[in-house]
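1. Curious how this folds, go ahead:
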Amino acid sequence: MKSPKRISILFLLTILTSTSSCASTTKDVRAAAAAILDCTKVDAGQLAAAVLQLAAAAVMELATGAEIDWAALATTAEASGKAIGTCAYTELASSTAGAPKPSAKASVGPLDWGEAYTQVERLRAWAGVTTIRTPSGDL
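-> Predicted coordinates:
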């Protein structure tokens with residue numbers, strides 16, 4: 001018959017082994033969740049203010065006959081922070097330049113999705129995410 005002390009040690013080792021296995025699984029789940037920026041869950045007021053600021057800048061460019069400077073808008077978006085800035089820029093770009101998953105080559109006059117999408121990719125890398133979830137779908 002095994003001693004109670006030996007059984008307790010085996011029991012503790014089993015729990016520790018299970019716990020470390022769960023911890024690594026939890027880390028994997030957290031890492032996958034961190035790879036998604038869910039714009040549907042950011043502060044709506046901050047997002048609306050940031051989109052308005054970017055839209056005003058874009059309208060001013062178009063009003064003067066210039067093309068939208070997507071790189072400048074993306075840089076402006078960065079000032080709002082990684083989540084709000086990336087979400088605001090992505091929302092403006094997708095609603096202005098095309099659908100959430102357009103061809104990177106699509107272009108309609110000053111609304112050049114190719115450049116807009118290039119900046120979405122830059123902001124995605126800056127935010128450290130692989131997916132940007134918008135109300136219209138994932139990018």
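2. so where's this protein uncertain?
-> 1-34, 97-112 (pLDDT under 70).
3. Show me the strands in it, by range?
-> Using DSSP state E, the strands of the chain run over residues 36-38, 107-108, 111-112, 131-134, 137-138.
4. what pairs with the first one, and is each one parallel or antiparallel?
-> Sheet pairing here is set by DSSP bridges, and for strand 36-38 it gives strand 131-134 (parallel).
5. which other residues reach the partner strand?
-> Here strand 131-134 makes contact (CB atoms under 8 Å, 6 or more residues apart in numbering) with 35-40, 86-87, 90-91, 94, 100, 120, 124, 138-139. C-beta here means a position set from N, CA and C on the backbone, and glycine is covered the same way.
6. can we see that at 7 Å?
-> 35-40, 86, 90-91, 94, 100, 124, 138-139 (CB atoms under 7 Å, 6 or more residues apart in numbering).
7. Show me which residues of it are buried.
-> The neighbour-count check on strand 131-134 (16 or more other CB atoms under 10 Å) flags 132, 133, 134 as buried.
8. With stretch 70-89 instead?
-> 70, 73-74, 76-77, 80, 83-89.
9. buried sites along stretch 41-51?
-> 42, 46, 47, 50, 51.
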